[in-house]
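**Q** fold the following for me, if possible:
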Amino acid sequence: GLMAGLEQAGIYKAAFVFIAPAYLLPSTFFQRFLLSRIFRWWESSIHLVPIVQRSLFGCFIFGGLVAGFFALFADPLIAIAYGKGYSEAAVYLRWLGLAVVLHTLAIGVGAYLVTAPGIARKVRVQVVTAVLNVLGNLLMIPAFGIMGAVIATIGTEAVLLTGYAAMLMRELRDRRIALA
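**A** Numbering: from 1, shown residues only. Now for the predicted structure:
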């Protein structure tokens, strides 16, 4: 907040307040409804790739709908919640819709990393992503202000998704070899 100023931090936070629930919904869905099934699928000889693909398609649709909602309704959402003084936050809310798409896909991919090696790999990706997020914010916010924070957020979600996807591909390869 102090790097870019309290006013800019407030504007970013006004946009991010709408992103936080969108981040929680897919996580809750996978943990509440699919986690037990995912464990069973890993323990069976079922071919997981089509299941993962369908899950990710659903994640993409959900994330895309949320991003589209923010793109269409950012101005009234910000105006109703914070008043006209925060209208600038609508621009950032629209951009942060991309982070929702990436985050939702990352949650979908990460949900399948449930084996002991998968969890260890997932944690490593999370640590690297957290470090890159801090560094990204330290570099981007002073240079680009609020948009720097938005870019760092989107970049962080892209790194998380890419890392999880690489680890899931390894897990699926290892599983395929073990079942052969």
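
**Q** CA only for contacts and neighbour counts going forward, please
**A** Fine.

**Q** immediately after the helix or strand bottoming out on mean pLDDT in the chain, which helix or strand?
**A** Ranked by mean pLDDT, DSSP states H and E, the weakest helix or strand in the chain is helix 35-43, scoring a mean of 88. With elements assigned by DSSP states H and E, the helix or strand that comes after helix 35-43 is helix 49-82.

**Q** just the CA atoms of the helix or strand just after that next one, as CSV, please.
**A** Past helix 49-82, further along toward the C-terminus, the next helix or strand under DSSP H and E is helix 89-110. Extracted in CSV, the C-alpha atoms of helix 89-110 (Å, rounded to 0.1, in the frame of the first residue of the first chain):
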residue,chain,number,x,y,z
ALA,A,89,-11.5,0.6,-9.8
ALA,A,90,-13.8,-0.6,-12.5
VAL,A,91,-11.0,-0.6,-15.1
TYR,A,92,-8.9,-2.8,-12.8
LEU,A,93,-11.8,-5.1,-12.0
ARG,A,94,-12.2,-5.8,-15.7
TRP,A,95,-8.5,-6.7,-16.1
LEU,A,96,-8.6,-8.8,-12.9
GLY,A,97,-11.3,-10.9,-14.6
LEU,A,98,-8.4,-12.5,-16.5
ALA,A,99,-6.9,-13.5,-13.2
VAL,A,100,-10.2,-15.2,-12.3
VAL,A,101,-10.0,-17.4,-15.4
LEU,A,102,-6.4,-18.4,-14.8
HIS,A,103,-7.1,-19.0,-11.0
THR,A,104,-10.1,-21.1,-11.7
LEU,A,105,-8.1,-23.2,-14.2
ALA,A,106,-5.3,-23.5,-11.7
ILE,A,107,-7.7,-24.7,-9.0
GLY,A,108,-9.0,-27.3,-11.4
VAL,A,109,-5.6,-28.6,-12.3
GLY,A,110,-4.3,-28.4,-8.7
